[in-house]
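> Show me how the following folds:
(one chain, ligands or ions: 1)
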Amino acid sequence: MKKIKVGLVGAAGRMGKEISQVVAEHPRFDLFYAYSRKDKWDAKKAAAVDVWIDFSSPQALKDVLKRAAENKTPVVCGTTGFTKKEKDLLQQYSKKIPVLWSSNMSLGVAVLNEALKSLAAISHFDFQIEEIHHNRKKDKPSGTAITLQENLEKAVGKKLPETLAVRGGGVFGVHKVFAMSDEEVLTFEHSALNRTVFAKGAVQAAEWLIKQKPGLYQIRDVLFGKKA
Ligand SMILES: NC(=O)c1ccc[n+]([C@@H]2O[C@H](COP(=O)([O-])OP(=O)(O)OC[C@H]3O[C@@H](n4cnc5c(N)ncnc54)[C@H](OP(=O)(O)O)[C@@H]3O)[C@@H](O)[C@H]2O)c1
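Okay, the predicted model is just below:
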């Protein structure tokens, strides 16, 4: 069977190394172009890539999307710390190519985001999100917490207090959602046990994305189908 050629942006980073390993062990994928910032851009090689996976920095996004669009190549992006500028870029390029962006590529967090919808039934409760990450993480609160907060506010129809963000040690990522009344506390908690969880999710997303039409997708769409 012909292998799917993966292009990887941020290949020398923590996530880049993890993704390289997952791709190397995957029977259907070939790590064809591992791009690091210090490398000279090889347009000919890039043209042969079937899908890009980008875990780098917000500053890289425009080039990644522009170069992918030149060859109509889908992009899976896991970079966080995006402002409106980067989110607009994702929207703009998703009209030309399939783009999947998620602040957290784990399947557990995708399910957690769906589960938040059920909290609409207790929207009168108090809510609080808390996240803990390793001390090298650049953005705060985490992209995952921002997405959880957006979805929770949508579900319960009110503005909620800011996420509590803790930085320390080597924690890969813990997210908690508390729903509290005078009588009870309900807690949803997700812990990433390693970085492989994000790499495996990104690779699963890439396998799904190459079969999609241009559009802006999220990891939840891989599990539940694209929202209308
Ligand atoms: N969605 C998810 O599931 C998920 C999970 C974990 C992490 N993340 C996010 O993924 C991103 C990377 O995380 P990380 O822990 O791997 O960070 P990292 O170790 O700092 O790696 C980032 C890599 O991207 C490269 N890079 C930065 N700017 C670039 C540019 N303009 N062009 C090309 N390459 C560039 C860096 O190169 P240099 O070494 O030259 O600086 C580095 O190799 C972060 O935004 C993080 O929050 C997302």
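
> Taking the chain, what residue is nearest to the ligand?
In the chain, the residue found nearest to the ligand is Gly13; the distance is 2.0 Å by Cβ to the nearest ligand atom. To be clear about C-beta, it is placed using only N, CA and C from the backbone, and glycine gets the same treatment.

> wouldn't that residue be in contact with Ala60 here?
No - using Cβ atoms under 8 Å, Gly13 is not in contact with Ala60, being 10.6 Å away.

> now Ala145, what's its secondary structure?
Following DSSP: H, G, I helix; E, B strand; the rest coil, we place Ala145 in the helix state.

> Compute the number of surrounding residues for it.
26 (other Cβ atoms under 10 Å).

> how about stretch 82-90: buried residues?
Buried positions in stretch 82-90, judged by neighbour count with 16 or more other Cβ atoms under 10 Å: Phe82, Glu86, Leu89, Leu90.

> residues contacting the second one?
Translated: Glu86. By Cβ atoms under 8 Å, 6 or more residues apart in numbering, the contact set of Glu86 is Pro58, Leu61.

> Need the three-state assignment for the closest residue to Gly81 other than its chain neighbours.
Excluding its sequence neighbours, the residue lying closest to Gly81 (Cβ to Cβ, 6 or more residues apart in numbering) is Asp139, at 3.8 Å. Using three-state DSSP, the secondary structure recorded for Asp139 is coil.

> Give me the pLDDT value at the residue of the chain closest to the ligand.
Listed pLDDT for Gly13 reads 96.

> What segments of the protein are helices?
Ranges of helices in the chain, per DSSP state H, are 14-25, 43-47, 61-70, 84-93, 107-115, 143-156, 196-209, 219-224.

> Spit out the contact partners of the most centrally placed residue in the chain.
Nearest to the mean C-alpha position of the chain, by Cα atoms, centre = their mean, lies Ser102 at 2.6 Å. Contact analysis of Ser102 by Cβ under 8 Å, 6+ apart lists Gly78, Ala110, Thr147, Gly201, Ala205, Gln218, Ile219, Arg220.

> Also Ala145?
Residues near Ala145 by Cβ under 8 Å, 6+ apart: Ile129, Glu131, Thr163, Ala165, His175.

> What does the residue of the chain closest to the ligand show for phi and psi?
Note on Gly13: its backbone torsions stand at phi -80, psi 180 [degrees, to the nearest 10].

> and it, how many residues sit next to it?
Burial measure for Gly13: 16 neighbouring residues, criterion other Cβ under 10 Å.

> what sits against it?
Gly13 is in contact with Phe55, Ser56, counting by Cβ under 8 Å, 6+ apart.

> Over to the one 3 residues further on?
Listed by Cβ under 8 Å, 6+ apart, the contact set of Gly16 reads Leu8, Val9, Gly10, Ala34, Ser36, Phe55, Ser56.
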